[in-house]
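Trainee: below is the structure, and that's it, no one-letter string:
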């Protein structure tokens, strides 16, 4: 059994933080009541390597083939709040494949699935709390879009609270979606350029090769590719 130490004072901000004015009305005025831990909170199932399937740390090999993409190692170390290593801890990894698609029913993106990419893996930490996975560098999955959306929203919220101007909030969806559809266009073009599909015939294959040649030879095409890859303004 493991007993969890209480969080020492000063780790978290005060409940009645003066600069966060709404806390003046909702912060508790009485000290917290300590509730002793029960058995279900200080004990639980323990896992070992025998609980996992063979090869569960290598996501790059399924069946007789190997996954497409750049192979990478994802590793880390699990520690508790005092920096002590956590042994025999199960870690799960659910990365996207090289095309940016997850092996999950909820991901209906047009990017292809890779029959030789596992899509998920499990590892058990060693005596030092360390773990490692062999996987594929995931394709882009909207990080640039997320950052751009946050920047647009921050701009709109600043205008709302500082200037009492809601025009940017009112136009937020239109502005954000304009960039999203540009990114979707590039994502589909890049996926079609770098993958072979069952529906491809000889004509489609030759077009794909011509597109590669144009990208390799044209400075203008390379500039456009770079601008789209890092994110359009």
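Mentor: Thanks, I have it. Just so it is clear, the structure is predicted and the values come from calculations on it, not from any experiment. Numbering: from 1, shown residues only.
Trainee: which parts of the protein are strands?
Mentor: Using DSSP state E, the strands of the chain run over 61-62, 65-66, 71-77, 90-93, 121-124, 130-136.
Trainee: in a markdown table, list the ones you listed along with mean neighbour count and distance to residue 40.
Mentor: Every C-beta, even on glycine, is put in place using the N, C-alpha and C of the backbone. Below are the strands of the chain laid out as a markdown table (neighbours: other C-beta atoms under 10 Å; distance: least, C-beta to C-beta, whole Å):
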| stretch | mean neighbour count | distance to residue 40 |
| --- | --- | --- |
| strand 61-62 | 15 | 37 |
| strand 65-66 | 14 | 43 |
| strand 71-77 | 13 | 27 |
| strand 90-93 | 16 | 18 |
| strand 121-124 | 20 | 23 |
| strand 130-136 | 19 | 26 |
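Trainee: got the ones you listed as a markdown table, with mean pLDDT and distance to residue 151 columns?
Mentor: Converted to a markdown table, these look like this (pLDDT from 0 to 100; distance: least, C-beta to C-beta, whole Å):
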| stretch | mean pLDDT | distance to residue 151 |
| --- | --- | --- |
| strand 61-62 | 89 | 39 |
| strand 65-66 | 86 | 39 |
| strand 71-77 | 93 | 28 |
| strand 90-93 | 92 | 29 |
| strand 121-124 | 92 | 34 |
| strand 130-136 | 94 | 29 |
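Trainee: tell me which of the ones you listed sits nearest to residue 31.
Mentor: strand 71-77 (35.8 Å; C-beta to C-beta).
Trainee: just want the angle from the closest one to strand 130-136.
Mentor: If you take axes from the mean of the first three to the mean of the last three C-alpha atoms, to 10 degrees, strand 71-77 sits at 160 degrees to strand 130-136.
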